[in-house]
Each structure stands twice: as structure tokens, then as C-alpha cells.
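1. Here is my input; please provide its structure:
(one chain, ligands or ions: 1)
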Amino acid sequence: MRAVVLGGAGFLGSHLADALVARGDEVVCVDDLSSGTPANLERHEGDDAVELIVADACEPLQVSGPVDAVLHLASPASPRDYLARPLETMAAGTDATRRGLELAARHGARFLLASTSEVYGDPLVHPQRETYWGNVNPVGARSVYDEAKRYAEALTAAWHRTYEADVAVVRIFNTYGPRLRAGDGRVVSNFVVQALAGKPLTIYGDGTQTRSFCYVSDMVKGLLAVLDSSVRGPVNLGNPTETTILELAETVIELAGSPSSIEKAPLPEDDPGRRCPDITLARSELGWEPTVPLRDGLEQTARWFRAYLGGGASGS
Ligand code: UDP
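-> Numbering: from 1, shown residues only. Below you'll find the model as predicted:
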């Protein structure tokens, strides 16, 4: 198969590209390098199986040769990034989704949209099932990401209804692992970098808010399972083990063998209080569930950051 990965030089996109190549597929990565980096794909240099096109996914895109799948993973995804680039984030959900759908239509390819648990906003239902419509502040700071992804889902659904297009929507819950950007502001990268430097770990709010962290290799397997199926979704992909941010901080400190303390900082606006995926659908329709425990994944992540920050290899 030949797949186009929008956002292919990013954290998740590059791991997906690795997995596609490992099973014999060809990948065209499209990335404007605003948060991704060619270093994430450097292992494929000189390899015909991966091509990187540096381009804005919001612009019309021509890809020569056959295309069997278009996977749209191009967007700022950390709150720090999307709050700093609100209009670009909205365009990634709107314009880039339409461009991706158009590209897939021209080639008769399957289109996969990487949506997000943020479509559930600050959820009032736990755990979150795909049938829950969410609790999103439509004009709050986070709306640039949440509402853009909701629009992206709506557009993908409308495209399917109108053209019977072959589409899939996945809702990705917090994912972590090697190649997270050190400065992207997300909790796992912040905590690991802080712990390795012996600096205080910054907990926003009182640390009782929860997230459910999925290791990147599990997530990539889930994405491939959806790609290879005829599932249209939306389908949740995430690890259903719920963890408080305080527990996460303590675990990172312990695993890093760090002398770091914990420091409290203000909770960001509209920060969701609880988040946990119900993955019944993914289990039954795809036979998929995560297998990497949080401690193992954090150890891998810390090992990678240690090498990376120490000037070592940037690949995992
Ligand atoms: N968070 C924190 N300290 C940090 C970064 C994040 O306590 O240094 C909290 C943040 O307020 C949120 C959770 O960790 O409650 C997850 O934040 P992240 O930005 O990773 O992702 P989100 O799930 O909010 O998109």
C-alpha cells in the first residue's frame, strides 16, 4: 500500500510512518515542520519507501503515483502549541481536512481522520463512549482545537454521506513516548524533562485531574487496525487506565531516580477534570487494546529523553 501521512514528520505521524514501512508499505509524509522535524524521519534517509514533502496541508496537494490511504495527523496537538497558534490550529481541522478528503477522493483512497478525546471537552460522563456528545466551551481558549476537530469529524461524516467516501474517524486519547518535543508543554514531556534535570515538576491545579496515557506503539497498532478495517467510527483509541496527574508526577520522579520536588502552578482555563476512554468498540470491532503498562512506557520515554537531551540519537 502507498499511504500519505499528513503530519508525517510529527510525533505520532513519524511513528506511524515507521510502522507502515516496517510492514512493507510506502509512505509520503506531508509536513510543514511547524511542530514536526525531519529528524523524526532520519532513519529513512536514502530509503525509497519514505518521501517527505515539506508543505502546508491546508494548501492543495498533488501526489504523483498511486495513493491507497490518506491519514490526517497534521495539527498542533499540545495545548501550548494550539494556544500559541490558534488560527493555524483551526485551519488544520478545517482546510487541511478538506484537502485530505479531496486528495483521497481523487485517488479512490481510504481517508483516516485523527480526531481527539478533546471532542468530549470537560466530560460529564465517565468513561467516555463514542456515543457521548461532549461538553465543549465553544468560545473558550481550547475551542480552537476542540471545535476544529469536531468540525473535522462533521466534515468527514458529511463527505461520507454525500459521496459514500471510504472514511474513518479515530478519537485519540493522550499519547506519549519517544519523540515528544521537549518544549511542547505536554505533561509527560514536561515531567520527564524536569525530572531528568532535577528541577521541580510543575503540577497545574491540585493534581487530582486525571488522564489516561497510551504508549505510542500501542496507539500506532490501533491506527493500523483501523486503517486495515472497514470501520468508520468514530472509535476511541486510548489506554483505559486512568491516572491522576499527581500519581504521574510521583511515578516519573521514582522511575527517573530524581531528587525533584513537586511545585504547584495555576490550572489552565477549561482544563478537563477527568478523561478516560471506553474502548469497548475498539476491542470488539478491531480486536485492539493497549498492552504497554504506564511504568514501562515511561521508562522507555525517559530513556529516549536522556539520550536526546544528552545529544544522542534523535530516533527511538
Ligand atoms: N499538566 C500539569 N503540568 C504540566 C503540564 C500539564 O499538571 O507541566 C496537566 C494539565 O493541566 C492537564 C494534564 O496535565 O490537566 C494533561 O495536560 P497535557 O497538556 O499533557 O494534555 P491535555 O490532556 O490537557 O490536552
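
2. Quick one: residues contacting His126.
-> Applying Cβ atoms under 8 Å, 6 or more residues apart in numbering, we find His126 in contact with 274, 276. No exception for glycine: its C-beta is placed from N, CA and C like everyone else's.

3. hmm, try it at 6 Å
-> Arg274 (Cβ atoms under 6 Å, 6 or more residues apart in numbering).

4. Tell me which helix or strand Asp56 sits in.
-> Per DSSP states H and E, Asp56 falls between elements, in no helix or strand.

5. And the pLDDT at it?
-> pLDDT for Asp56: 97.

6. shift numbering so it begins at 584
-> In the new numbering, first residue 584, that becomes Asp639.

7. which residues are in contact with the lengthiest helix in the chain?
-> In the chain, with assignment by DSSP state H, the single longest helix is helix 726-746. With Cβ under 6 Å, 6+ apart as the test, helix 726-746 has contacts from 665, 669, 672-673, 676-677, 680, 684, 696, 698-699, 701-702, 704, 719, 721, 748, 750, 752.

8. can we see that at 7 Å?
-> The contact list for helix 726-746, computed with Cβ atoms under 7 Å, 6 or more residues apart in numbering, reads 665, 669, 672-673, 675-677, 680-681, 684, 688, 694, 696, 698-699, 701-702, 704, 719-721, 748, 750, 752, 815, 817.

9. Over to stretch 755-770?
-> With contact meaning Cβ under 7 Å, 6+ apart, stretch 755-770 is reached by 594-595, 597-598, 618, 623, 661-664, 697-700, 771-772, 776, 794-799, 802, 819-821, 828, 831, 858, 860, 880, 883-884, 887, 892, 899.

10. in that stretch, what's buried?
-> For stretch 755-770, a neighbour-count test (16 or more other Cβ atoms under 10 Å) marks 755-764, 767, 769-770 as buried.

11. Now Gly788. Its backbone dihedrals?
-> Backbone torsions of Gly788, given as degrees, to the nearest 10, read phi 80, psi -150.

12. Looking at it now. What's its pLDDT?
-> Per-residue pLDDT puts Gly788 at 98.

13. Spatially, what comes nearest to it if we skip its sequence neighbours?
-> Counting by Cβ to Cβ, 6 or more residues apart in numbering, Gly788 lies nearest to Leu850, which is 3.3 Å off, once chain neighbours are set aside.

14. ok so, going back, ok now the longest helix of the chain, how far from the chain's centre?
-> 17 Å (Cα atoms, centre = their mean, to the nearest Å).

15. Tell me which strands the helix or strand following it pairs with, and in which orientation.
-> Downstream of helix 726-746, the next assigned helix or strand under DSSP H and E is strand 750-755. Within its sheet, strand 750-755 is paired with strand 693-699 (parallel), strand 818-820 (parallel), according to DSSP bridges.

16. For the ligand, tell me whether strand 750-755 is touching it.
-> No: against the ligand, strand 750-755 shows no contacts by Cβ under 6 Å from any ligand atom, the least distance being 10.7 Å.

17. contact partners of the helix or strand hosting Ala865?
-> Secondary structure assignment for Ala865, by DSSP H and E: helix 863-869. Here helix 863-869 makes contact (Cβ under 7 Å, 6+ apart) with 713, 805, 808-809, 812, 814, 818-820, 871-872.

18. I'd like the mean pLDDT over that helix, please.
-> 98.

19. Please identify the buried residues of the following helix or strand past that helix?
-> Toward the C-terminus, helix 863-869 is succeeded by helix 877-892 as the next helix or strand (DSSP H and E). For helix 877-892, the neighbour count (16+ other Cβ under 10 Å) marks 877, 880-881, 883-885, 887-888, 891 as buried.
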